[in-house]
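Undergrad: Sharing a sequence plus its predicted fold:
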Amino acid sequence: MGEEAQERQKRYRRWICETVPEWEWKLIREAVQRGQLTGPRKFIDEVESLLRIRIELRGRGRPQKAEK
């Protein structure tokens, strides 16, 4: 990708920006802000098991109450 570290970093950054779609960047940013993971259920379960905390990406707010 380049002989010098700066050139490799520049090319790698450009490659990542060109290959990751904007919706995925949004998902990653939101997960980072919440301190949560994104990915397959198996991956999330393994990380949660290792860390012994819940860190999956969840929707905003409380679930709605069921109507009676």
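TA: On my side now, so go ahead. Numbering: from 1, shown residues only.
Undergrad: C-alpha only now, for contacts and for neighbours.
TA: Will do.
Undergrad: Would you mind measuring from the residue nearest the centre of the chain to residue 52?
TA: With distances taken as Cα atoms, centre = their mean, residue 28 lies nearest the centre of the chain, 3.6 Å away. Distance, residue 28 to residue 52, by Cα to Cα, to the nearest Å: 22 Å.
Undergrad: Please apply the same query to residue 34.
TA: Residue 34 is 17 Å from residue 52, by Cα to Cα.
Undergrad: would you list every one of the helices in the protein?
TA: With helices called from DSSP state H, the chain shows them at 5-19, 22-34, 41-51.
Undergrad: Let's have those helices in a markdown table, adding distance to residue 63 and mean pLDDT.
TA: A markdown table is the format used below for these (distance: least, Cα to Cα, whole Å; pLDDT from 0 to 100):
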| stretch | distance to residue 63 | mean pLDDT |
| --- | --- | --- |
| helix 5-19 | 35 | 92 |
| helix 22-34 | 17 | 89 |
| helix 41-51 | 20 | 90 |
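Undergrad: got JSON lines for the ones you listed, with distance to residue 65 too?
TA: Compiled in JSON lines, the helices of the chain are given as follows (distance: least, Cα to Cα, whole Å):
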{"stretch": "helix 5-19", "distance to residue 65": "41"}
{"stretch": "helix 22-34", "distance to residue 65": "24"}
{"stretch": "helix 41-51", "distance to residue 65": "25"}
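Undergrad: Out of those, flag the one nearest residue 60.
TA: In terms of Cα to Cα, the element of these nearest to residue 60 is helix 22-34, at 10.1 Å.
Undergrad: Check which residues of the closest one are buried.
TA: Neighbour-count burial for helix 22-34, counted by 16 or more other Cα atoms under 10 Å, picks out 28, 31.
Undergrad: Tell me the helices and strands packed up against that helix.
TA: Taking 3 or more Cα pairs under 8 Å, 6 or more residues apart in numbering; DSSP states H and E as contact, there are no helices or strands that helix 22-34 lies on.
Undergrad: any idea how far that helix is from the chain center?
TA: Mean C-alpha position of helix 22-34 versus that of the full chain (Cα atoms, centre = their mean, to the nearest Å) differs by 6 Å.
Undergrad: send the alpha carbons of that helix over as PDB?
TA: Presented in PDB, the C-alpha positions along helix 22-34 are these (Å, rounded to 0.1, in the frame of the first residue of the first chain):
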ATOM      1  CA  GLU A  22     -22.700   5.500   4.600                       C
ATOM      2  CA  TRP A  23     -25.500   3.600   6.400                       C
ATOM      3  CA  GLU A  24     -22.900   1.300   7.900                       C
ATOM      4  CA  TRP A  25     -20.800   4.300   9.200                       C
ATOM      5  CA  LYS A  26     -24.000   5.600  10.800                       C
ATOM      6  CA  LEU A  27     -24.600   2.200  12.500                       C
ATOM      7  CA  ILE A  28     -21.000   2.100  13.800                       C
ATOM      8  CA  ARG A  29     -21.100   5.700  15.100                       C
ATOM      9  CA  GLU A  30     -24.400   5.100  17.000                       C
ATOM     10  CA  ALA A  31     -23.000   1.900  18.500                       C
ATOM     11  CA  VAL A  32     -19.800   3.600  19.600                       C
ATOM     12  CA  GLN A  33     -21.800   6.400  21.200                       C
ATOM     13  CA  ARG A  34     -23.900   4.000  23.100                       C
END
